[in-house]
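Colleague: only the shape, not the letters, is given here:
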């Protein structure tokens, strides 16, 4: 392959851990090159997160070279030629050059090769088939560099064949379009995606949710969702998405409040979920317990901020919801309403903070109340009194009120 461009080596490539891993791999006499996302993002001037490396060395040889350098080698995907090297706590995914012998869904029977062009030909998108050596020289066997510069998202080779090999590539196409695409989407790719969309149901929900949650984090995912709707993909992915008209207002609110995009917040805005249906969706997509609980709170909170309410009412909401959920619900409210007062509530947890409630169960027990349900009832009564007093009463006052309640029981 001929050199196509170069990357400044005074970057992530110059990090000590990166150099150690590359030197270990090349100690066997073969070339090792960075590949995929790290090369793509470096060319775009974006931060590089995960570093993937390709090499003609076999997995067994990679393991030997990595361990010889005193590093840890983990066989994370050894059947497909992938070893993860750990250098000072940083993972580097190293994969032997491959060519597909037979593909069936996500699985593929591969054979190892020393041909970089064959390895590139089995990758999904052209902008993910860019390679770069330790000196910063970029190699481009399938035209990914030109596509990257133009913001053109294109499959390597025949689009339908790539998707048939792994249907998840259909969703990856749209995710990459959301992040890197410019202008009209590739017509061949859209045709293949439209025809293969019913196959989304054959994918594991974990893989689907991973792609969907990433897509939702794009700076502005609306054009991509509209493209998916136009090409009859969205009904197979997220039939609950019926309020895309709210996304622009949400993004505007996120920018105004300097809030990072959040996939659950955006999902709550574009969907028609209430608390129950959010739980049903979470179960279907096998969301983590944390994500499930937050999505339910976003879609069916016990209390909501209200720009038309008085200060005391919103302080109660801050206390009951917690500052983080309060702010999330403010952003969602701003997306759903034309009322400009919504965003004035966003800073309330900082500018008008609510103190912590100071009475505990031990305080009740110390007053001679036996363990049991009455302890909780007494705490709630004091808490309600404290809230009704606009959180003014200090601990001593709350203890005095508790004492009066306990005395009244005698």
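Modeller: Cool, got the structure. All values reported here derive from a predicted model rather than from experimental measurement.
Colleague: how about stretch 149-163: buried residues?
Modeller: Buried residues in stretch 149-163, defined by neighbour count with 16 or more other Cβ atoms under 10 Å: 152-156, 159-160, 162-163. Where C-beta positions appear, they are placed from N, C-alpha and C, glycine not excepted.
Colleague: got the end-to-end distance for it?
Modeller: 24 Å (Cα to Cα, to the nearest Å).
Colleague: do stretch 232-242 as well
Modeller: End-to-end for stretch 232-242, by Cα to Cα: 14 Å.
Colleague: could I get the full set of strands for this protein?
Modeller: For the chain, strands defined by DSSP state E occupy the ranges 3-6, 33-35, 51-55, 72-77, 82-87, 90-96, 98-104, 107-112, 131-132, 137-139.
Colleague: partners of the shortest one, with directions?
Modeller: So the one you mean is strand 131-132. Sheet pairing here is set by DSSP bridges, and for strand 131-132 it gives strand 33-35 (antiparallel), strand 137-139 (antiparallel).
Colleague: follow-up on the earlier one: dump the strands of the chain into JSON lines; add mean pLDDT, mean neighbour count and distance to residue 41 as well.
Modeller: Below are the strands of the chain laid out as JSON lines (pLDDT from 0 to 100; neighbours: other Cβ atoms under 10 Å; distance: least, Cβ to Cβ, whole Å):
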{"stretch": "strand 3-6", "mean pLDDT": "80", "mean neighbour count": "15", "distance to residue 41": "14"}
{"stretch": "strand 33-35", "mean pLDDT": "97", "mean neighbour count": "26", "distance to residue 41": "11"}
{"stretch": "strand 51-55", "mean pLDDT": "97", "mean neighbour count": "23", "distance to residue 41": "11"}
{"stretch": "strand 72-77", "mean pLDDT": "92", "mean neighbour count": "14", "distance to residue 41": "22"}
{"stretch": "strand 82-87", "mean pLDDT": "96", "mean neighbour count": "20", "distance to residue 41": "20"}
{"stretch": "strand 90-96", "mean pLDDT": "96", "mean neighbour count": "21", "distance to residue 41": "15"}
{"stretch": "strand 98-104", "mean pLDDT": "67", "mean neighbour count": "13", "distance to residue 41": "23"}
{"stretch": "strand 107-112", "mean pLDDT": "68", "mean neighbour count": "14", "distance to residue 41": "26"}
{"stretch": "strand 131-132", "mean pLDDT": "96", "mean neighbour count": "26", "distance to residue 41": "11"}
{"stretch": "strand 137-139", "mean pLDDT": "96", "mean neighbour count": "20", "distance to residue 41": "13"}
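Colleague: below-threshold pLDDT in the stretch 151-300 of the chain: ranges please.
Modeller: Applying pLDDT under 70 to the stretch 151-300 of the chain picks out no residues at all.
Colleague: can you pull out the helices in the stretch 251-400 of the chain?
Modeller: Under the criterion DSSP state H, counting those that start in this stretch, the stretch 251-400 of the chain contains helices at 263-270, 275-285, 289-299, 311-321, 323-336, 348-351, 361-366, 373-388, 395-409.
Colleague: list the helices and strands the first one packs on?
Modeller: Counting by 3 or more Cβ pairs under 8 Å, 6 or more residues apart in numbering; DSSP states H and E, the packing neighbours recorded for helix 263-270 are helix 205-215, helix 247-256, helix 289-299, helix 323-336.
Colleague: likewise for the fourth one?
Modeller: The elements that helix 311-321 packs onto, with contact taken as 3+ Cβ pairs under 8 Å, 6+ apart, are helix 323-336, helix 348-351.
Colleague: list the buried residues of the first one.
Modeller: Just to be clear, that refers to helix 323-336. By neighbour count on 16+ other Cβ under 10 Å, the buried set for helix 323-336 is 325-335.
Colleague: and what of stretch 56-74?
Modeller: Of the residues in stretch 56-74, those buried (16+ other Cβ under 10 Å) are 56-57, 59, 61-63, 65-66, 69, 71, 73.
Colleague: could you do stretch 197-207 as well?
Modeller: 197, 200, 203.
Colleague: so who does the last one touch?
Modeller: Residue 203 makes contact with 167-168, according to Cβ atoms under 8 Å, 6 or more residues apart in numbering.
Colleague: and it, how far is that from residue 86?
Modeller: Remark: distance between residue 203 and residue 86 (Cβ to Cβ, to the nearest Å) = 30 Å.
Colleague: so residue 141 makes contact with residue 117?
Modeller: Yes - judged on Cβ atoms under 8 Å, residue 141 makes contact with residue 117 at a distance of 4.8 Å.
Colleague: compare the two (neighbour count), which wins?
Modeller: Neighbour count, other Cβ atoms under 10 Å: between residue 141 and residue 117, residue 141 has more, with 21 against 14.
Colleague: mind listing what the residue nearest to the more buried one when sequence neighbours are not counted touches?
Modeller: Once flanking residues are discounted, residue 141 sits nearest to residue 120: 4.1 Å by Cβ to Cβ, 6 or more residues apart in numbering. Residue 120 sits next to 129, 131, 141-142, 156 when contact means Cβ under 8 Å, 6+ apart.
Colleague: where's residue 120 relative to residue 176, distance?
Modeller: From residue 120 to residue 176 the distance is 17 Å (Cβ to Cβ).
Colleague: ok so, going back, dump the helices and strands packed on helix 263-270 to CSV, plus distance to residue 400.
Modeller: What follows is the helices and strands packed on helix 263-270, written out as CSV (distance: least, Cβ to Cβ, whole Å):
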stretch, distance to residue 400
helix 205-215, 50
helix 247-256, 43
helix 289-299, 34
helix 323-336, 28
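Colleague: quick one: which of those is nearest residue 381?
Modeller: helix 323-336 (24.5 Å; Cβ to Cβ).
Colleague: touching the closest one from outside, list them.
Modeller: Contacts of helix 323-336 (Cβ under 8 Å, 6+ apart): 246-247, 249-250, 253-254, 257, 259, 262, 265, 268-269, 294, 297-298, 301, 304-305, 307, 317-318, 321, 339, 342-343, 345-346, 348-350, 353.
Colleague: ok, which of the strands paired with strand 131-132 comes nearest residue 7?
Modeller: The nearest among the strands paired with strand 131-132, by Cβ to Cβ, is strand 137-139 at 6.2 Å.
Colleague: from the chain's centroid, how far away is that closest one?
Modeller: 30 Å (Cα atoms, centre = their mean, to the nearest Å).
Colleague: identify the farthest-apart pair in the contacts of residue 120.
Modeller: Longest span within the contacts of residue 120, Cβ to Cβ: 131 and 156, 13.3 Å.
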